[in-house]
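Asker: sequence and computational prediction follow.
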Amino acid sequence: MPDSAPIAVCIGEGLISLVAATAGPLEDCRTFHRSLAGAEWNAAIALASAGIRTAVVSRVGDDGFGRFLTDELRRHGVDDTAVEVDPDAPTGLYVKELVPRPDGAVDGAMHYYRTASAASAMSPDTLASPAASAVLDRAALVHLSGITPALSDSALAAQEMLFAERRTQQVLSFDLNWRPALWRGRETEGRALLTDFAHRADIVFCTGSDAAAVFGTADPQELRELLAEPRYLVLTDPGGAVAFDGTERADSDAVDTAVVETVGAGDAFAAGFLAGILTGLSLTGSLARAHRIAARALASTRDHIG
Ligand SMILES: Nc1ncnc2c1ncn2[C@@H]1O[C@H](COP(=O)(O)OP(=O)(O)OP(=O)(O)O)[C@@H](O)[C@H]1O
Ligand SMILES: O=C(O)C(=O)C[C@H](O)[C@H](O)CO
């Protein structure tokens, strides 16, 4: 592919995921499974693996975790030239604790260690760097989420700038990703900000539960009336998805699959749908591709991509 070919650009925080190897309180867990996480980075890897030329704009620390994350991008064919390395701040991470339920199943409890991380210092300057400008100037699609605006005022300003100064050729994709833990004490502001981004995006993804939490309803038809501006609106839940484009509504069932790791299914789903739209598939075809890629994510601890 020529270097000038249009690309998809994903912007957000890459994280280290440490998943407890055993169920029970963290203080008793000795072993953790490490992998790459971060909604927009998961989506970038899944997009690249689906054959879409993809770059990430972000920041990591000058540490082993940051090097692991950027190595993973490159290993999957994602352009990491616009990932800045911060000598003074660490790479963010989360720990997933496995909390046993009385019925024998386990729930995952996420603990974030990302305050003052390198990526939370993303700012309009990050987007204006020569490396970021080079990929953004060629971006046919920019994929963002509701996580970045929760990270810091400067990260929020960066996301505002992307919407305000969007290049004419750019499609803006926005995954709502409501993370109450990141908005604690300022939930009302968070809901208002994410609602505003959702109105201004071209493609909006959200889960039914996040839609209920942010927009006050999970009913697809009501949501379409509420969010009339985005060309595509895609609502997901573990059983399936509903998608709207300018004219059509498509309903589809998820692929029946054994679930190994639930976190990240939505990111893989979004990437599959975007890959479908970018390669000219129909609404129904894009949903089918999304479910297939999400099912692959669910079936493995990490290599959900591809
Ligand atoms: N148990 C499941 N079985 C089959 N497919 C699933 C299952 N859970 C999720 N999926 C797939 O992933 C898609 C998104 O699921 P969901 O709406 O639960 O997002 P999510 O996993 O909460 O997102 P996140 O990435 O934010 O964790 C579904 O539409 C489906 O394609
Ligand atoms: O919750 C976040 O901020 C993350 O990005 C971590 C996970 O990778 C994400 O929740 C999956 O969508």
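Answerer: Yes, it's here. Numbering: from 1, shown residues only. Ligands and ions are numbered 1, 2, ... in the order given.

Asker: contacts and neighbour counts: CA atoms only from here.
Answerer: Will do.

Asker: export the longest helix belonging to the chain to PDB, keeping only CA atoms.
Answerer: Counting residues, the longest helix found in the chain (DSSP state H) is helix 283-298. Output of helix 283-298 as PDB, limited to C-alpha atoms (Å, rounded to 0.1, in the frame of the first residue of the first chain):
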ATOM      1  CA  LEU A 283     -25.200  -2.600   7.200                       C
ATOM      2  CA  THR A 284     -26.100  -6.300   7.700                       C
ATOM      3  CA  GLY A 285     -22.800  -7.500   6.400                       C
ATOM      4  CA  SER A 286     -20.900  -5.100   8.700                       C
ATOM      5  CA  LEU A 287     -22.800  -6.300  11.700                       C
ATOM      6  CA  ALA A 288     -22.000  -9.900  10.800                       C
ATOM      7  CA  ARG A 289     -18.300  -9.100  10.500                       C
ATOM      8  CA  ALA A 290     -18.500  -7.300  13.800                       C
ATOM      9  CA  HIS A 291     -20.100 -10.300  15.600                       C
ATOM     10  CA  ARG A 292     -17.500 -12.600  14.100                       C
ATOM     11  CA  ILE A 293     -14.500 -10.500  15.300                       C
ATOM     12  CA  ALA A 294     -16.100 -10.000  18.800                       C
ATOM     13  CA  ALA A 295     -16.600 -13.800  19.100                       C
ATOM     14  CA  ARG A 296     -12.900 -14.300  18.400                       C
ATOM     15  CA  ALA A 297     -12.100 -11.800  21.100                       C
ATOM     16  CA  LEU A 298     -14.300 -13.600  23.600                       C
END
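
Asker: now for the residue of the stretch 101-250 of the chain found nearest ligand 2: which residues touch it?
Answerer: Residue nearest to ligand 2 within the stretch 101-250 of the chain (C-alpha to the nearest ligand atom): I147, separated by 5.7 Å. Neighbour list for I147: 12, 176-179, 182 [criterion: C-alpha atoms under 8 Å, 6 or more residues apart in numbering].

Asker: with G51 instead?
Answerer: Taking C-alpha under 8 Å, 6+ apart as the test, what G51 contacts is A275.

Asker: is A228 in a helix, a strand, or coil?
Answerer: At A228 the chain is in coil, as set by DSSP: H, G, I helix; E, B strand; the rest coil.

Asker: just the pLDDT for the residue in the chain sticking out farthest from the centre.
Answerer: Each residue of the chain has a distance to the centre, and by C-alpha atoms, centre = their mean the biggest one is for P102: 31.8 Å. Note on P102: pLDDT of 93.

Asker: then S4?
Answerer: pLDDT at S4 comes out at 68.

Asker: looking at the contacts of I147, which has the most residues close by?
Answerer: G12 (26 neighbours; other C-alpha atoms under 10 Å).

Asker: isn't it right next to G146, touching?
Answerer: No - between G12 and G146 there is no contact under C-alpha atoms under 8 Å: 9.5 Å.

Asker: now do the contacts for the nearest residue to L287 once chain neighbours are set aside.
Answerer: Among residues not flanking L287 along the chain, F273 sits closest, at 5.7 Å (C-alpha to C-alpha, 6 or more residues apart in numbering). Contact analysis of F273 by C-alpha under 8 Å, 6+ apart lists 286-287, 289-290.
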